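Colleague: Sequence and predicted structure below; questions after.
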Amino acid sequence: MKGLLVLVSALLLAGCAAAPAQPAPAGAGATSKVYNDTDVMFAQMMVAHHEQALAMVRLARTKAVRDDVRTLAAAIEVTEADETKTMQVWLQSWNQPSTAAADSHAGHGGAHGTDADDIAALGTFDGPGFEQRFLNMLVAHQHNAVEIARMETGSGVNPGALDLAKRITDSRTAEIQQMLRYLETG
């Protein structure tokens, strides 16, 4: 029962509910604007960002030592996989690619992600060494997610994207605090 309570708590903390898809209204012409460039940039950046997080949290299934770390990673996996699907639906309905050109986000500081080589290096560790590196990397990664979400809440117009950005800000901030506690007690 305690394990179920921990899992439910982690899922709620991770913001597990998906944002409803907000496609362009049926019959909307090319000039209809239910989204703007910021909404598109947010979704494109966050899809790529979530894919990186998914790669990291999937490593924790077998490499993390503590149950609470594995539970948090599982909750993040469910949440971010669901959010990714939602954002991909938005991009498709907006007739936008799911990713942007590598240099298209340079004007606002780049893509704010975790390097693929760093994720691969993380996979070479096990046990406590993995766990400490995983938590530190994921704290930084989730901080970047908050930065991307704040970009959306500052300039986006799509109601679904704005809602998701607010939930990402809230849930990732809570995840960061939880992971910092794990690092203190680890």
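Modeller: Great, that's in hand. Numbers count the residues shown, from 1 in each chain.
Colleague: What residues sit buried inside stretch 90-98?
Modeller: 90, 91, 93, 94, 96 (16 or more other C-beta atoms under 10 Å). C-beta here means a position set from N, CA and C on the backbone, and glycine is covered the same way.
Colleague: From residue 177, how far off is the closest residue to the fourth one other than its chain neighbours?
Modeller: Just to be clear, that refers to residue 94. With sequence-adjacent residues excluded and distances taken as C-beta to C-beta, 6 or more residues apart in numbering, residue 94 is closest to residue 35, at 5.5 Å. Remark: distance between residue 35 and residue 177 (C-beta to C-beta, to the nearest Å) = 31 Å.
Colleague: Which of those two has more residues huddled nearby?
Modeller: Taking neighbours as other C-beta atoms under 10 Å, residue 35 and residue 177 compare with residue 35 leading, 24 against 12.
Colleague: Quick check, pLDDT for that one.
Modeller: Note on residue 35: pLDDT of 96.
Colleague: quick one: secondary structure of it?
Modeller: Following DSSP: H, G, I helix; E, B strand; the rest coil, the label given to residue 35 is coil.
Colleague: can I assume it is in contact with residue 95?
Modeller: No: between residue 35 and residue 95 there is no contact, the gap being 10.5 Å when judged by C-beta atoms under 8 Å.
Colleague: sorry, back to before: and the residue nearest to residue 94, backbone torsions?
Modeller: phi -150, psi 160 (degrees, to the nearest 10).
Colleague: same deal with residue 97?
Modeller: Backbone torsions for residue 97, taken as degrees, to the nearest 10, come to phi -70, psi 150.
Colleague: ok, it to residue 34 distance?
Modeller: 18 Å.
Colleague: can you check residue 145 too?
Modeller: For residue 145, the distance to residue 34 - C-beta to C-beta - is 24 Å.
Colleague: neighbour-wise, which of those two wins?
Modeller: Between residue 145 and residue 34, counting by other C-beta under 10 Å, residue 145 is the more crowded of the two (27 against 18).
Colleague: which residue is nearest the centroid of the protein?
Modeller: residue 50 (4.1 Å; C-alpha atoms, centre = their mean).
Colleague: Could you verify my assumption that that residue touches residue 82?
Modeller: No: Residue 50 is beyond contact range of residue 82, at 9.7 Å (criterion: C-beta under 8 Å).
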